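Peer 1: one predicted model, sequence on top.
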Amino acid sequence: MIPSVFSLRTNYEETVAVLATIRDLVLGRRIPVFLYFNQLQELEPAAALLLVAEVFRCRQLRVWRSGRSVIGNYPSDRNVFFQLREMGFFRVLGLNEIDEIEDQRPRGERPYYVRFHSMNSVHPGLAASFCDLVVKGAFEMSALAKSRMVAALKEAMGNAHEHAYVTRGDYDAMPQRWWLAGYVNPAHKEMMVLILDQGVGIPRTLLPTVFEALKAILNTGWAPTDGNMIAAATELHRTSTSQRGRGRGFQDMKRFIDTCDDGELRVCSNRGLYTYAKNNHETTTDFPSSIGGTLIQWRVRHAGSKVEIQDE
């Protein structure tokens, strides 16, 4: 049974428990699952992305002659149904989207969602085209600002594709598979981008040579938590590639947040959560349960003039 509130922000443990149960039953114990959406009334976009990625993985890796490994019913709540349909949840899973049920809510007066993208490669033009989709209706940007946004997305996509699956995790995975989703709220001049992988997480993909730098940043000794590790990784101008010029994606995301009226960067990886808000407001949190990968949620709101980002 999907809970009434499916959200990492307001119902983390119950939401993650559902995902963990699906993984354990289907991937671990090879038992099929039926998902009941009858109670679901509030669906966070980040949680929806985690759910569709988990169901997709299970259905691809565990197929029986008797049918799919994960099936379910349609949500009873109309708003949730329209949200899932607009995000492409039913399409990704090969289900009927029931187009004859019309969504009569005015698009310009409500949040709307850019459909899920799932790939096992990094297409050169995807970051630019996706930026166009999420910014349209939200706010305008200068050419330089757009180039920095595209660069940040490319960095995140590249990391998910190249480094998330460098070692084997607890469950079978789809190597190099990553997900992209978006959200636009025209009334609030707000956009959000979500990037997900189901790999081993940021703390396990950084090279051992990075730990000395992490220690200097954290000043917490040799046993940092997942939240600490994520926070430090956003400050390092390199990733597990150790390549010059890589690892600046998080810095570009933070610069957008500081430049615009409002914004937030949330990075969930394994059991840790790192949050960055305007004016260098940073927090870290650690949970008992892991999301089973890395999820980047980048939200920006700007109702003023065109967004201008000064290059370094």
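Peer 2: That came through, no problem. This structure is a prediction, so every number in the text was calculated from the model and none was measured.

Peer 1: next SSE downstream of the helix or strand of the chain with the lowest mean pLDDT?
Peer 2: The helix or strand of the chain with the poorest confidence is helix 211-218; it has a mean of 55 (mean pLDDT, DSSP states H and E). Sequence order places helix 226-235 as the next helix or strand after helix 211-218, per DSSP states H and E.

Peer 1: buried ones in that next one?
Peer 2: Neighbour-count burial for helix 226-235 flags 226, 227, 228, 229, 230, 231, 232, 233, 234 (criterion: 16 or more other CB atoms under 10 Å). Every residue, glycine included, has its C-beta placed from N, CA and C.

Peer 1: is it possible to export these to a markdown table including pLDDT?
Peer 2: Converted to a markdown table, these look like this (pLDDT from 0 to 100):
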| residue | pLDDT |
| --- | --- |
| 226 | 83 |
| 227 | 86 |
| 228 | 81 |
| 229 | 80 |
| 230 | 84 |
| 231 | 83 |
| 232 | 79 |
| 233 | 80 |
| 234 | 82 |
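
Peer 1: which one of these is nearest residue 150?
Peer 2: Using CB to CB, residue 234 comes nearest to residue 150 of the buried residues of helix 226-235, at 19.0 Å.

Peer 1: quick check: that closest one touching residue 272?
Peer 2: No - the pair residue 234 and residue 272 does not pass the contact test of CB atoms under 8 Å, sitting 11.6 Å apart.

Peer 1: and the buried residues of helix 226-235 as JSON lines, adding distance to residue 125?
Peer 2: Converted to JSON lines, the buried residues of helix 226-235 look like this (distance: CB to CB, whole Å):
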{"residue": "226", "distance to residue 125": "34"}
{"residue": "227", "distance to residue 125": "34"}
{"residue": "228", "distance to residue 125": "36"}
{"residue": "229", "distance to residue 125": "32"}
{"residue": "230", "distance to residue 125": "29"}
{"residue": "231", "distance to residue 125": "32"}
{"residue": "232", "distance to residue 125": "32"}
{"residue": "233", "distance to residue 125": "27"}
{"residue": "234", "distance to residue 125": "26"}
